[in-house]
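In: okay, here's the prediction I keep looking at, along with the sequence it came from:
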Amino acid sequence: MKFTRVSVIGLGYVGLPTAAVLASRGVEVVGVDVNPLTVDTINRGQIHIAEPELDIIVQSVVNTGRLRAVRRPEPADAFVVAVPTPFRDGHQPDLSYIEAAAASFAPVLKSGDLVVLESTSPVGTTERLCRWLAEARPDLTFPDHGRTPGDVFVAYCPERVFSGRILRELVDNDRVIGGMTPSCTGAAKSLYRLFVQGALLGTCARTAEMAKLAENAFRDVNIAFANELSLLCDRVGINVWELIELANHHPRVNILQPGAGVGGHCVAVDPWFLVAMAPDEARLIRTSRQVNDHKPAVIVTRVNERIAAKGIRSVAILGLAFKPDVDDLRESPAIAIAHGIAAGNPLVRIDIVEPYVDALPPELASLPNASLVEVETALGRAELVVGLVRHRAIVEALERLGVPPVDFLDFVNFVSYQRERGRGA
């Protein structure tokens, strides 16, 4: 298939880099987003998210006219859907963004077009997307799970990129492409061959959907083991960082590093889709989610107990993002922890350090005792330091200023256990 114009629906952390990379390959790309600020920002050749080198490529493709952003879909040869898929109360999948996206571009679909869903989704979502499109466009036919070819090609191709390395991984990573029919898989492969250097692995839509959920559930289970191990070590007075380093010398052991919980738009959300699909069978996956979701509450309790026991009046919290060196706050456990500490201690000054944002999120900004400050200010007046996100900038500040001569509750190994022990003592 030949793609002269591609439409990317949703210009967030996945959609915008995908649109930019496609445009850099000479394809005319029309990006669609419902947020007017996002549209205006991109059309100025600027970006609204933090991702290395993305600003350079967006400025280039916007200036050459290969990428432009709009609020309403226009006709194209292919439509790539990259919108959020959060969950509702009770951890039930919320597919309303996908349904709304389908309704938005259905009027401009034509026979021979390709529709690719990239949003992480429960098994069967691509089939539901076909039904939504069929209801909106009864004049067109859509594929029916390997049986009816249809006028429009529909496939599922989950993103599998890592914040901070998105542009490189969009090109280098293998992609799983699951078509509603074999011809749909082939059509989607033609699109991704335009920019993907990794392998294009064809399968059916349901298997592709399950593959993405399995990948993130696997990661969640392993993180849960590390987080639970940290709780056990804390109970018996063992340094978990030293323990993990020693255990990982076993040739068949590779324990991950514990943290403040699990955040982000994938690992903290996707396993619940499997639990919702088969709650009686997904027992390990559910337990892992509960372990990781419980870690922030454990940290809040420990910090609040320390504040009460020592009469502390000033606390520095290091990091808010869901992972180091990104500006992404989605599902970040650090936000819940900071809120629990600030709300539980209204008379204590809470200085929050997050080098990748310019303002606190609303749930923290509304608390009168919480402020966003520079790392030097926070460390200079803190009686207790709480390490939550191991940003490189904060690590460098700690090394430059020295370990704070106050209590330091370090939940992400800012200060290596060797330094704590005096290196070999």
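Out: Structure received. Numbers count the residues shown, from 1 in each chain.

In: would you map out the domains in the protein?
Out: If you go by automatic domain parsing, the domain ranges for the chain are 5-208, 235-421.

In: could the ones you listed go into JSON lines alongside mean neighbour count?
Out: Just so you know, the C-beta spots here come from the backbone N, C-alpha and C atoms, and that holds for glycine as well. Formatted as JSON lines, these follow (neighbours: other CB atoms under 10 Å):
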{"stretch": "domain 5-208", "mean neighbour count": "19"}
{"stretch": "domain 235-421", "mean neighbour count": "18"}
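
In: now these as TSV including distance to residue 215 and mean pLDDT?
Out: Shown next, in TSV, are those (distance: least, CB to CB, whole Å; pLDDT from 0 to 100):
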stretch	distance to residue 215	mean pLDDT
domain 5-208	7	95
domain 235-421	8	92
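
In: what comes up buried for the longest helix along the chain?
Out: Criterion DSSP state H: the longest helix present in the chain is helix 205-236. Buried positions in helix 205-236, judged by neighbour count with 16 or more other CB atoms under 10 Å: 205-206, 208-213, 215-217, 219-221, 223-224, 226-230, 233.

In: I'd like the distance from it to the chain centre, please.
Out: Relative to the centre of its chain, helix 205-236 is centred 15 Å away, using CA atoms, centre = their mean, to the nearest Å.

In: any idea which helix or strand comes after that helix?
Out: helix 240-247 (DSSP states H and E).

In: for that next one, C-alpha coordinates in CSV please.
Out: Provided in CSV are the C-alpha atoms of helix 240-247 (Å, rounded to 0.1, in the frame of the first residue of the first chain):
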residue,chain,number,x,y,z
VAL,A,240,17.5,-4.0,50.6
TRP,A,241,19.9,-2.5,48.1
GLU,A,242,22.8,-4.5,49.4
LEU,A,243,20.7,-7.6,49.6
ILE,A,244,19.6,-7.3,45.9
GLU,A,245,23.1,-6.7,44.7
LEU,A,246,24.3,-9.8,46.5
ALA,A,247,21.4,-11.9,45.3
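
In: quick one: it to helix 205-236, angle?
Out: Angle, helix 240-247 to helix 205-236, by axes from the mean of the first three to the mean of the last three CA atoms, to 10 degrees: 110 degrees.

In: name the helices or strands packed onto the longest helix of the chain?
Out: The contact analysis (3 or more CB pairs under 8 Å, 6 or more residues apart in numbering; DSSP states H and E) places helix 205-236 against helix 125-136, strand 153-156, strand 175-179, helix 240-247, helix 270-277, helix 283-310.

In: list the contacts of the nearest residue to residue 225 once chain neighbours are set aside.
Out: Leaving aside its chain neighbours, residue 225 sits nearest to residue 255 (6.9 Å; criterion: CB to CB, 6 or more residues apart in numbering). Going by CB atoms under 8 Å, 6 or more residues apart in numbering, residue 255 touches 222, 225-226, 229, 244, 247-248.

In: all strands of the stretch 301-425 of the chain, in order?
Out: With DSSP state E, counting those that start in this stretch, the ranges of strands along the stretch 301-425 of the chain come out as 314-318, 349-353, 370-372, 384-387, 407-410.

In: can you list the strands that the first one pairs with?
Out: I take that to be strand 314-318. strand 349-353 (parallel), strand 384-387 (parallel) (DSSP bridges).

In: also the shortest one?
Out: In the sheet containing strand 370-372, its partner strands are strand 349-353 (parallel), by DSSP bridges.

In: roughly how far is the strand it pairs with from the heart of the chain?
Out: Distance, centroid of strand 349-353 to centroid of chain: 25 Å (CA atoms, centre = their mean).

In: with stretch 325-342 instead?
Out: The answer for stretch 325-342 is 13 Å, by CA atoms, centre = their mean.

In: returning to that earlier point: angle of the longest helix of the chain against helix 270-277?
Out: Using the same axes, to 10 degrees: helix 205-236 against helix 270-277 is 110 degrees.

In: quick check: angle from helix 205-236 to strand 175-179?
Out: Using the same axes, to 10 degrees: helix 205-236 against strand 175-179 is 140 degrees.

In: and residue 119, what does it touch?
Out: Contacts of residue 119 by CB under 8 Å, 6+ apart are 10, 81-85, 97-98, 125.

In: please identify the helix or strand for it.
Out: Per DSSP H and E, there is no helix or strand for residue 119.

In: from residue 198, how far out is it?
Out: 20 Å (CB to CB, to the nearest Å).

In: again, but for residue 241
Out: Residue 241 sits at a distance of 34 Å from residue 198 (criterion: CB to CB).

In: show me what contacts the nearest residue to residue 398 once chain neighbours are set aside?
Out: Once flanking residues are discounted, residue 398 sits nearest to residue 414: 6.0 Å by CB to CB, 6+ apart. Going by CB under 8 Å, 6+ apart, residue 414 touches 318, 387, 390, 394-395, 398, 408.

In: and which of those is nearest residue 288?
Out: Distance to residue 288 across these (CB to CB) is lowest for residue 390, with 21.9 Å.

In: contact partners for that closest one?
Out: Taking CB under 8 Å, 6+ apart as the test, what residue 390 contacts is 319, 324, 412-414.

In: could you check how far it is from residue 412?
Out: Counting by CB to CB - residue 390 and residue 412 are separated by 5 Å.

In: cool, and residue 169?
Out: Counting by CB to CB, the separation of residue 169 from residue 412 is 23 Å.
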